[in-house]
Structure formats: structure tokens, C-alpha cells
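Asks: show me the folded form of this:
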Amino acid sequence: MNRVRKNFAKTTSIVETPHLIEMQRLTYEKFLQFDIEPDQREDIGLQHIFKSIFPIADFNGTCFLEFVRFNFGEPKYTVEECVERGMTFEVPIKITVRLVTYDIDTTTGVKNIRDIKEQEVYLGSVPLMTRDGVFVV
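Replies: Alright, predicted model coming up:
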């Protein structure tokens, strides 16, 4: 009795395995839009989050805090320095907000702009992913 042996080790892969770390890195870059100028950013990731939170209004409707843009600073330390010191590889994030104050005419209910102030505010720091797709925390 002859048995037929089939060697499956020689079959070729039908589906190419994706580079999962590269996908993760690209997704994080897309979320942050780190290297894109603030006025060129798409409405995704952090940009979308900030736009969905703002404007913030007071109870009387006389003051509105509007989101203008966000910027990243430079990392304080290199990846190697962060590993040696046991620190997080991160960058500061600052947002520019605009405070618009209105006067409301009590007889007509019409809003007139009283004052507009725009200021950059330090929000915190954001960990950065290295080229290898890892975080140094």
C-alpha cells in the first residue's frame, strides 16, 4: 500500500504579512500630525479632538473660548538620554486659544463683540514614538 505524502512546507505564502510595527508608527503619526503645519492639518486625530471640544461658552453666553491651533515643541532630551535617565521621550504641546467676550444688549438681545484675546497656552507633554515603533516611558 503506497501512501501519498504531501509536503506543505514548500507552498508559497498567498498573503504578504504586513509590517505591523510600521502600521502602528504611521497611525500614531497620523493621529498627531506632528510634521504638518497647523494650518495644513486634516480634521483627524488631535486636531479633531480639539475642534470637537471647542468652543467652550460660559453660562450667560457672553464669553467663548475658541480653539485656533496646536503646536509641538522640541524634545528636551534625545531617545538615548531618556533611556539612560529613565525618562519619557516626549514633546511639549501648546494650544492657541481665542477668548471672545460679548456685550449683550438687554433690550434687543443683540450680541456685540467687546474684546478678543488670543494666547498660546501650555497644555502638557505628549510621548513620542521612536523610529522603531516603541515608546520610551
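Asks: going forward, measure contacts between C-alpha atoms and count neighbours the same way
Replies: Will do.
Asks: you'd agree residue 124 is up against residue 93?
Replies: Yes: the pair residue 124 and residue 93 passes the contact test of C-alpha atoms under 8 Å, sitting 5.7 Å apart.
Asks: just the helices from the chain, written as ranges.
Replies: 20-32, 45-53, 79-85 (DSSP state H).
Asks: okay, and the helix or strand of the chain with the least pLDDT?
Replies: helix 20-32 (a mean of 93; mean pLDDT, DSSP states H and E).
Asks: would you mark the buried spots in that one?
Replies: Using 16 or more other C-alpha atoms under 10 Å as the burial criterion, the residues of helix 20-32 that qualify are 25, 28, 29, 30, 32.
Asks: got the contact list for the first one?
Replies: When contacts are counted by C-alpha atoms under 8 Å, 6 or more residues apart in numbering, residue 25 is found next to 129, 131, 133.
Asks: who wins for neighbours among those?
Replies: Of all the contacts of residue 25, residue 129 has the most neighbours under the rule other C-alpha atoms under 10 Å, reaching 18 neighbours.
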